[in-house]
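Participant: Mind looking at a prediction? Sequence and model below.
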Amino acid sequence: MTSDCSSAGTTMRTKMMPVEAQVHQIWWIALHPDKLDPKHASKLTRISNKFFPGLRERSRAKQKRMLKRVIERARTNKKLMRDPRTDSRPLVLSL
């Protein structure tokens, strides 16, 4: 929970988000398309289904494994990692 709150605060201040948080948002959208603003639902659902096809029909354990695999792939995507909106620092920062 703390990392979610920290990520949200960081995003608001810096306009950057860790790749893990970006993927988690897409995963959440794939699970809860009914929670989206109808103005944006079609585009966001299409994107989330591209990365997480059939997610809602899978067991929770499989859903989480899909999330982990997509995060691992995203970390190796050079274009995404170079994007100025991606915070490429480690997700957990030392004090």
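Facilitator: Nice, I can see it. In this text the structure is predicted, and so the values were computed from the model without any measurement. Residues are numbered from 1 along each chain as shown.

Participant: only C-alpha atoms for contact and neighbour calcs from this point on.
Facilitator: OK.

Participant: any weak-confidence spans in the protein?
Facilitator: 1-14, 93-95 (pLDDT under 70).

Participant: And the strands in it?
Facilitator: With strands called from DSSP state E, the chain shows them at 17-18, 86-87.

Participant: could you dump the ones you listed to TSV with distance to residue 26?
Facilitator: Formatted as TSV, the strands of the chain follow (distance: least, C-alpha to C-alpha, whole Å):
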stretch	distance to residue 26
strand 17-18	13
strand 86-87	14
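
Participant: what would the ones you listed look like in CSV with mean neighbour count and distance to residue 57?
Facilitator: Converted to CSV, the strands of the chain look like this (neighbours: other C-alpha atoms under 10 Å; distance: least, C-alpha to C-alpha, whole Å):
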stretch, mean neighbour count, distance to residue 57
strand 17-18, 20, 27
strand 86-87, 21, 30
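
Participant: ok, longest helix in the chain?
Facilitator: Longest helix in the chain, counting residues (DSSP state H): helix 60-75.

Participant: Could you list the buried residues of that helix?
Facilitator: Residues of helix 60-75 classed as buried by neighbour count (16 or more other C-alpha atoms under 10 Å): 63, 66-67, 70-71, 74.

Participant: how far away is the residue most central in space within the chain from residue 91?
Facilitator: Centroid-nearest residue in the chain: residue 23, 2.0 Å away (criterion: C-alpha atoms, centre = their mean). Counting by C-alpha to C-alpha, to the nearest Å, the separation of residue 23 from residue 91 is 13 Å.

Participant: What of residue 33?
Facilitator: Residue 33 is 26 Å from residue 91, by C-alpha to C-alpha.

Participant: what about residue 49, neighbour count?
Facilitator: 17 (other C-alpha atoms under 10 Å).

Participant: that older thread, who are the neighbours in contact with the residue nearest to the centre of the chain?
Facilitator: Going by C-alpha atoms under 8 Å, 6 or more residues apart in numbering, residue 23 touches 67, 70-71, 74.
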